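Peer 1: Sequence plus the predicted model coming up.
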Amino acid sequence: MCARPRLQARASLTVDGEPAFPRLILQVWAETLRNPEPAAALREGYGAVRDAWTRSVEGHQEAGAMAADVPAQDVARTMVAVVQGFLAQQSLFGATPVEVLRNGCAA
């Protein structure tokens, strides 16, 4: 199943003309601090994303496209943190084109 329809639907969710998804993410994160059920789901989802990104980093390291002297799991955790920070910035300061993140990571 292609994720594009979900992404398009997500992009169309707005509140006061701003994307609602980043704001929703912060609300979910806050809820996980007091409610163990969503906290467990978030941990499981985070683990799945981290593991997938770790495998991706390992593949890039094996292909010589990334430095292999840093543990792949460390790189994956950092990549997740960058995305989480980008989402937090969008929810606090407004919509930002993804090119900003891409350009910053390419520097």
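Peer 2: In hand now; what should we look at?

Peer 1: low-confidence ranges in the chain?
Peer 2: Applying pLDDT under 70 to the chain flags the ranges 1-12.

Peer 1: Which residue ranges of it form helices?
Peer 2: Assigned by DSSP state H, the helices in the chain fall at 4-12, 21-32, 36-62, 72-93, 98-106.

Peer 1: Reformat these as TSV; add mean neighbour count.
Peer 2: Every C-beta, even on glycine, is put in place using the N, C-alpha and C of the backbone. Formatted as TSV, the helices of the chain follow (neighbours: other Cβ atoms under 10 Å):
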stretch	mean neighbour count
helix 4-12	10
helix 21-32	15
helix 36-62	13
helix 72-93	15
helix 98-106	10
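
Peer 1: List the contacts of stretch 30-41.
Peer 2: Outside stretch 30-41, the residues that touch it by Cβ atoms under 8 Å, 6 or more residues apart in numbering are 28, 42.

Peer 1: again, 10 Å this time
Peer 2: With Cβ atoms under 10 Å, 6 or more residues apart in numbering as the test, stretch 30-41 has contacts from 28-29, 42-43, 45.

Peer 1: Distance of the residue nearest the centre of the chain relative to Trp53?
Peer 2: Nearest residue to the geometric centre of the chain (Cα atoms, centre = their mean): Val83, 3.9 Å. Using Cβ to Cβ, to the nearest Å, Val83 is found at 9 Å from Trp53.

Peer 1: ok, now Phe21?
Peer 2: From Phe21 to Trp53 the distance is 20 Å (Cβ to Cβ).

Peer 1: Same question for Gln84.
Peer 2: 12 Å.

Peer 1: can you check Arg34 too?
Peer 2: In terms of Cβ to Cβ, Arg34 sits 28 Å off from Trp53.

Peer 1: Good, wrapping up.
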